[in-house]
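# Just need the structure, nothing else, for what follows:
(chains A, B, C, D, E and F)
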There are 6 protein chains.
Amino acid sequence: MTREEKYEHGLNVLRQIDGEAGQKVVDSLADISPELGHQVVAWGFGEIYARPGLAPRDRQLVTLGILTALGGAEPQLEVHVNAALNVGLTPQEIVEALLHSAGYCGFPRALNATFVAKKVFAERGLLPVEM
Amino acid sequence: MTREEKYEHGLNVLRQIDGEAGQKVVDSLADISPELGHQVVAWGFGEIYARPGLAPRDRQLVTLGILTALGGAEPQLEVHVNAALNVGLTPQEIVEALLHSAGYCGFPRALNATFVAKKVFAERGLLPVEM
Amino acid sequence: MTREEKYEHGLNVLRQIDGEAGQKVVDSLADISPELGHQVVAWGFGEIYARPGLAPRDRQLVTLGILTALGGAEPQLEVHVNAALNVGLTPQEIVEALLHSAGYCGFPRALNATFVAKKVFAERGLLPVEM
Amino acid sequence: MTREEKYEHGLNVLRQIDGEAGQKVVDSLADISPELGHQVVAWGFGEIYARPGLAPRDRQLVTLGILTALGGAEPQLEVHVNAALNVGLTPQEIVEALLHSAGYCGFPRALNATFVAKKVFAERGLLPVEM
Amino acid sequence: MTREEKYEHGLNVLRQIDGEAGQKVVDSLADISPELGHQVVAWGFGEIYARPGLAPRDRQLVTLGILTALGGAEPQLEVHVNAALNVGLTPQEIVEALLHSAGYCGFPRALNATFVAKKVFAERGLLPVEM
Amino acid sequence: MTREEKYEHGLNVLRQIDGEAGQKVVDSLADISPELGHQVVAWGFGEIYARPGLAPRDRQLVTLGILTALGGAEPQLEVHVNAALNVGLTPQEIVEALLHSAGYCGFPRALNATFVAKKVFAERGLLPVEM
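Numbers count the residues shown, from 1 in each chain, chains lettered A, B, ... in the order given. Below is the predicted model:
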């Protein structure tokens, strides 16, 4: 594959997973670091995410865990809570995953991630979450 | 439930998930902080992990993500790679989850976690992993 | 104790320590993750914080250290700078604790935490801090 | 040197490296923790940064790496992207350093740092960055 | 004060707080970075720790919180659990502080710190801890 | 380029930078996650590190900053202190960079990194470092 083909392949994956939110991140890199945008798309999505060894729903569970634990990754968490919904995780499962995280990385990280989920769910008309 | 009953309930969950590795951690706390051991078991497993809203296999994917991202949590990762196998994740899926993590928290974290998985898989006769 | 009684007990502790700020966090979880709110209150405050083995003033010093080091926990730090004042730490002691943290987790973390303290102190009419 | 002389020496270094942005940080500490401001200036810049063993341009590369990896240090990163430009790193080199960081601490940290650089470059009329 | 006097002053503080453990760290820096050793002593202890605004026992509570939250700082935690005992914290209070930390930075960090405390307490004949 | 050619290209870069240490890491992944090894080499080195926009010496300064700040990345830091020497940083500059890091991520991180450098310098006959 050429560089351009790799990008197009990654963009297809990114669009299926992240929807418009992912595209917006890439667009906002155009005037500062188009290469970072290229690598997120072509490598992150086209080469890694697209691998068949783990289903998208599983990947999003891992990603929610990582981004919650990192802290300070709220913008990426917003994209990936949307992605989690896109690939089939229910609001209840996402909320439960973030509650689960409290024992492993503490309440502050779990709270910040849950408030990101609240913002995303509100935008998508998914509040309140009935558990 | 009494305090003792809550502990017993949590211990049953912990044994199903973590097997002997979890029990050993709790035992090693007996002379320094039995209360921390109690809370890991009664709260962490009995009250949070046991909730039906997310399957154990899903919880382990989140946990692998968190522990990989935290760094310096290799002892806990060793317990939870074992747990991941116990609840039905295949070696291939675990390895893929750790590869996936590289894009989100970098190669050093992904490498350290993968070498923990290698140790666990070696002990359980699961090497080499064919992908 | 029933689940409700544990919650009420924790809420009493939380109100004494965190005041209204803690209550607001719990309220804002009502439509997204009431269970996370329950666990912060019933477990975090009712079961752990309420233990007599360490005085509230001591607990707040530990908490200031943790939240400063974590980074990205500014919302929680805001609650806990208020809590620190509520349990008897003086503005001077809080500022000194954050200066002390610089050597252990660096100036950026110490600066961010100090600016959170400045916001809280301003709201409570405690500026300038005379040292 | 007296305490005041040490401060003046550090302030000269800080002004050469960080420009007005560094001065603003120190000023905003005046009513909450002047001692933290003093130590950033007198120790951080006067005693450590001023040492001849590593050139300012080299120091800024190390600093960009640290602040990107820490996460949650966006205010400090903003000061230090400005500083990086002040000591001779080009916009292209800064952007490349942040792309480089993705492999070591992941895309979320690299993205957040790159968007801080974008803000600084926009303020200094340095967009778009041609690579 | 001259550079040497500042070092001597800091060394006196360090010896009172950390005992021999702190001295050993400084000694082990002699052939690789004596300047880092100098700064830990002269600045960290002589200039910051020695400030009267916060009692050593309070400083150690903050430090235990920071080092527990950081993760990967087990060697420093070992020094500072010793220091905590030296300045008057009881084994019970230290263990309680680390249990308290679980809610703020998660069980893995709390466990790792507690096992460091266990090592130190064992060396000082303080096991088992009765709570 | 084919997948194999990309790997060979990356391996050439990795060998020039990391020497045998990098090769060993890749070899140790052969039976657990050869794909992670492939991506470190083909993407990390072949596609990112090989880019001409930043000199290897500059990249190593950024990398030292990142790995020091991350904590828990001592195995990778060992590879990259070796790499830093390989691309022309002097022992004095490396030690100075780690001293510089203390102000940004604290003494514990700076100390751990400096002791990794001490191990590498000892193996290469570079101790003591004269400053």
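# from here on, contacts and neighbour counts on C-alpha atoms
OK.
# quick one: contacts for A:Thr114?
A:95, A:98, C:32-33 (Cα atoms under 8 Å, 6 or more residues apart in numbering or on different chains).
# tell me the SS of A:Glu130?
Here A:Glu130 is coil, with the state taken from DSSP: H, G, I helix; E, B strand; the rest coil.
# Show me which helix or strand of chain A is least confident by mean pLDDT.
Scoring the helices and strands of chain A by mean pLDDT, DSSP states H and E places helix A:20-28 at the bottom, with a mean of 93.
# So for A:Leu70, what's the nearest residue that isn't a sequence neighbour?
In space, and not counting its chain neighbours, A:Leu70 is closest to B:Ala69: 6.2 Å by Cα to Cα, 6 or more residues apart in numbering or on different chains.
# Which other helices and strands does the strand or helix carrying that neighbour contact?
Assigned by DSSP states H and E, B:Ala69 belongs to helix B:56-70. The helices and strands touching helix B:56-70, judged by 3 or more Cα pairs under 8 Å, 6 or more residues apart in numbering or on different chains; DSSP states H and E, are helix A:56-70, helix A:91-105, helix B:74-86, helix B:91-105, helix B:107-123.
# and the angle from that helix to helix D:91-105?
130 degrees (axes from the mean of the first three to the mean of the last three Cα atoms, to 10 degrees).
# chain center to helix B:56-70: distance?
Chain-centre distance of helix B:56-70: 8 Å, with Cα atoms, centre = their mean, to the nearest Å.
# now do stretch A:114-128
Per Cα atoms, centre = their mean, the centroid offset for stretch A:114-128 relative to its chain is 14 Å.
# Give me the buried positions along it.
By neighbour count with 16 or more other Cα atoms under 10 Å in any protein chain shown, stretch A:114-128 contains the buried residues A:114-121, A:126.
# Among those, which one sits closest to chain B?
A:Thr114 (14.4 Å; Cα to the nearest Cα).
# The residue nearest to the spatial centre of chain A and chain F, how far apart?
Per Cα atoms, centre = their mean, the C-alpha nearest to the average position across chain A is that of A:His80, at 1.9 Å. Per Cα to the nearest Cα, to the nearest Å, A:His80 is found 23 Å from chain F.
# Which pLDDT does the model give that residue?
On the pLDDT scale, A:His80 is placed at 98.
# List, one by one, the residues from chain A near chain C.
Residues of chain A lying close to chain C by Cα under 8 Å from any Cα of the partner chain are A:71-72, A:95, A:99, A:107-109, A:111-112, A:114-115, A:117-118, A:127-129.
# Give the buried residues for stretch A:18-31.
Quick answer for stretch A:18-31 (16+ other Cα under 10 Å): A:18-19, A:21-22, A:25-26, A:29.
# Let's have the residues you listed in JSON lines, adding distance to B:Asn86.
Formatted as JSON lines, the buried residues of stretch A:18-31 follow (distance: Cα to Cα, whole Å):
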{"residue": "A:Asp18", "distance to B:Asn86": "31"}
{"residue": "A:Gly19", "distance to B:Asn86": "34"}
{"residue": "A:Ala21", "distance to B:Asn86": "36"}
{"residue": "A:Gly22", "distance to B:Asn86": "35"}
{"residue": "A:Val25", "distance to B:Asn86": "38"}
{"residue": "A:Val26", "distance to B:Asn86": "39"}
{"residue": "A:Leu29", "distance to B:Asn86": "42"}
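# Closest to chain F out of these?
A:Leu29 (17.1 Å).
# Leaving out chain neighbours, which residue sits closest to the closest one?
A:Gly37 (5.9 Å).
# Give me the neighbour count for that neighbour.
23 (other Cα atoms under 10 Å in any protein chain shown).
# Report the contact partners of it.
A:25-27, A:29-30.
# cool, A:Gly46 as well?
Applying Cα under 8 Å, 6+ apart, we find A:Gly46 in contact with A:6-7, A:9-11, A:13-14.
# Mind checking which of these land in helices?
A:6-7, A:9-11, A:13-14 (DSSP state H).
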